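Student: give the three-dimensional model of this entry:
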Amino acid sequence: ELPDAEDLREERATAVYGLGAALIRAGRRDEAKRILLDGLQRGCSGYSRMRITNALSTATMYLGDFTEALRWIDEAAMCAESVGAESFKPRIFSNRAGILYTMGRLRESVDQDTLSSQWARRLGNPLEYAAACSGMAVNLILLGRYDDAIDQASESRRAAERAGDIR
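Tutor: Predicted coordinates for the structure are as follows:
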């Protein structure tokens, strides 16, 4: 338990985000959501709020509440806009694409992955770019747009190779 001292507010928010993200990866999404919500209630900067709400969208999506997940990712996007955190936009768009994919809204998912890839390219982030192109490829296959899917999968591979991480 971290103290609630005002001068530790951002350190606490950073720790909450890190713990929440780790719990999501470990499959403990209910616990992650509880911790992330508690962290929001204790207050933090707009930047930390963006990160925490982004993580909340992921935890909530894995828990099967896609409408709530979209609300959280929309809040993360508004926070990113308000604090000028452009470097986080590719991740937010990509995460929104993932939520839309799980909802079966494939065309909208492609649109979000397209935005993610454009922002990642603009910012020079090859791994976010590769992830967005991969997401587009999956959705394009499901939409029966096979040639476009192959193009995106190839672009994803090239970007990952340039980044030195083909995983």
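Student: show me where this structure has its helices.
Tutor: Per DSSP state H, the chain carries helices over the ranges 9-25, 29-41, 46-62, 66-83, 89-102, 106-123, 126-142, 146-163.
Student: the shortest one vs helix 66-83, what angle?
Tutor: When you say that, I think you mean helix 29-41. 40 degrees (axes from the mean of the first three to the mean of the last three C-alpha atoms, to 10 degrees).
Student: for residue 161, give me its contacts.
Tutor: By C-beta atoms under 8 Å, 6 or more residues apart in numbering, no residues touch residue 161. For every residue, glycine as well, the C-beta is placed using N, CA and C.
Student: mind putting the helices of the chain into CSV with mean pLDDT?
Tutor: What follows is the helices of the chain, written out as CSV (pLDDT from 0 to 100):
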stretch, mean pLDDT
helix 9-25, 95
helix 29-41, 96
helix 46-62, 97
helix 66-83, 97
helix 89-102, 96
helix 106-123, 96
helix 126-142, 95
helix 146-163, 93
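Student: any idea how far residue 73 is from residue 53?
Tutor: 8 Å (C-beta to C-beta, to the nearest Å).
Student: let me fix that: residue 145
Tutor: 25 Å.
Student: return the residues in contact with the residue positioned nearest the centre of the chain.
Tutor: Taking C-alpha atoms, centre = their mean as the criterion, residue 95 is the residue nearest the geometric centre of the chain, at 3.5 Å. Shown in contact with residue 95 (C-beta under 8 Å, 6+ apart): 54, 57-58, 73, 76.
Student: same check on residue 157?
Tutor: Here residue 157 is in contact with 130, 166 (criterion: C-beta under 8 Å, 6+ apart).
Student: give me that answer again for 7 Å
Tutor: With contact set as C-beta atoms under 7 Å, 6 or more residues apart in numbering, residue 157 has these partners: residue 166.
Student: find the nearest non-adjacent residue to residue 86, please.
Tutor: residue 123 (6.7 Å; C-beta to C-beta, 6 or more residues apart in numbering).
Student: next: residue 100.
Tutor: In space, not counting the residues next to it along the chain, residue 100 is nearest to residue 109; the distance is 4.0 Å by C-beta to C-beta, 6+ apart.
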